[in-house]
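Participant: Here is my input, please return the structure:
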Amino acid sequence: MSSKLLFGFHAVTVRLKVAPKSIRELYIDATRRDQRMRQFIAKAEESGLHLIESDDDRLQKLCGTHRHQGVVAKVDNIQQTNSLDDLLDSLTEPALLLVLDGITDPHNLGACLRVADGAGVHAVIAPKDHAVGVNATVSKVASGAAEIMPYFMVTNLARTLGELKERNIWVIGTSDDAPRDLYAADMRQPTAIVLGAEGSGMRQLTRKNCDELVSIPMMGAVESLNVSVASGVCLYEARRQRSS
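Facilitator: Sure, this is the predicted structure:
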């Protein structure tokens, strides 16, 4: 089974909660003994895990950054739902999907996954080309959401959008020049919200495969939002509509 590294309290603590047996090796900074570290060690020991005491230099070499917070884990990849079709077939409520077109910054992806998890999104979809996969930085920024949020990288995004529409999932794209704003869209129905990269936005073929285009109202001098912030605005509007 393939493995990867997780680092930081949030990412490793979520893995401890959802799949402690998938943790192969758990390294901690032996010089850190504050309350947060003591609580983490207690949780790890409750799960029967052996802790490997290390120093900052060794942890930095393991994960490639000093932003590890004194916690690094080597873990097995968790087997998620085999396919997007399987996931959609299993839903008992209207689908809510986030589609990211051209997001290459791991910090942006991590933040989007965190927002998606918080808003109750069923899956995040991205193209295999011109997109970042889930790596250690993504997992750190996502604060554990990367471990539980289904993330599907598809070969042909336009075709996937077409398949979603065949399932009666309404595809809403975001664009600064859209004729209507976000709050005019009906997101109580099965919905996929599509956001593009900052600056370039969605690719033209992606745009053409949207059922509707909406904009996020911008009242100040700034012309656009960071993609993770825009994701939060759109997804929580969907959640608000569905809870009203």
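Participant: make it CA atoms for all contacts and neighbour counts henceforth
Facilitator: OK.
Participant: Against I23, how distant is S47?
Facilitator: Using C-alpha to C-alpha, to the nearest Å, S47 is found at 10 Å from I23.
Participant: For the most centrally placed residue in the chain, give me its contacts.
Facilitator: Nearest to the mean C-alpha position of the chain, by C-alpha atoms, centre = their mean, lies L113 at 1.7 Å. L113 makes contacts with V124, A142, A145, A146, M149, as judged by C-alpha atoms under 8 Å, 6 or more residues apart in numbering.
Participant: Name the residues contacting each of S47 and I23.
Facilitator: By C-alpha under 8 Å, 6+ apart, the residues touching both S47 and I23 are L16.
Participant: which residues in this structure form strands?
Facilitator: Applying DSSP state E to the chain gives strands spanning 3-7, 23-29, 51-54, 71-76, 96-101, 123-127, 151-154, 170-174, 180-181, 191-196, 212-215.
Participant: With neighbour numbers in mind, choose between S47 and I23.
Facilitator: It is I23, of S47 and I23, that has more neighbours when counted by other C-alpha atoms under 10 Å, with 21 against 14.
Participant: Show residues contacting stretch 38-50.
Facilitator: F9, T13, L16, P20, E25, L26, L51.
Participant: ok, now with 10 Å
Facilitator: Residues from elsewhere that reach stretch 38-50 (C-alpha atoms under 10 Å, 6 or more residues apart in numbering): 9, 12-13, 16-17, 19-21, 23-28, 32-33, 35, 37, 51, 71.
Participant: so what's the residue nearest to W170 when sequence neighbours are not counted up against?
Facilitator: Counting by C-alpha to C-alpha, 6 or more residues apart in numbering, T191 is the residue found nearest to W170 once chain neighbours are left out, at 4.7 Å. T191 makes contact with 94-98, 164-165, 168-172, 238 under the criterion C-alpha under 10 Å, 6+ apart.
Participant: Which positions within stretch 20-35 qualify as buried?
Facilitator: For stretch 20-35, a neighbour-count test (16 or more other C-alpha atoms under 10 Å) marks P20, S22, I23, L26, Y27, I28, D29 as buried.
Participant: Now do R32 against P217, distance only.
Facilitator: For R32, the distance to P217 - C-alpha to C-alpha - is 46 Å.
Participant: Mean pLDDT and distance to S231 for the strands of the chain - can I get that in JSON lines?
Facilitator: Shown next, in JSON lines, are these (pLDDT from 0 to 100; distance: least, C-alpha to C-alpha, whole Å):
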{"stretch": "strand 3-7", "mean pLDDT": "85", "distance to S231": "24"}
{"stretch": "strand 23-29", "mean pLDDT": "94", "distance to S231": "31"}
{"stretch": "strand 51-54", "mean pLDDT": "94", "distance to S231": "37"}
{"stretch": "strand 71-76", "mean pLDDT": "91", "distance to S231": "29"}
{"stretch": "strand 96-101", "mean pLDDT": "98", "distance to S231": "8"}
{"stretch": "strand 123-127", "mean pLDDT": "96", "distance to S231": "11"}
{"stretch": "strand 151-154", "mean pLDDT": "94", "distance to S231": "15"}
{"stretch": "strand 170-174", "mean pLDDT": "97", "distance to S231": "10"}
{"stretch": "strand 180-181", "mean pLDDT": "94", "distance to S231": "14"}
{"stretch": "strand 191-196", "mean pLDDT": "97", "distance to S231": "7"}
{"stretch": "strand 212-215", "mean pLDDT": "96", "distance to S231": "12"}
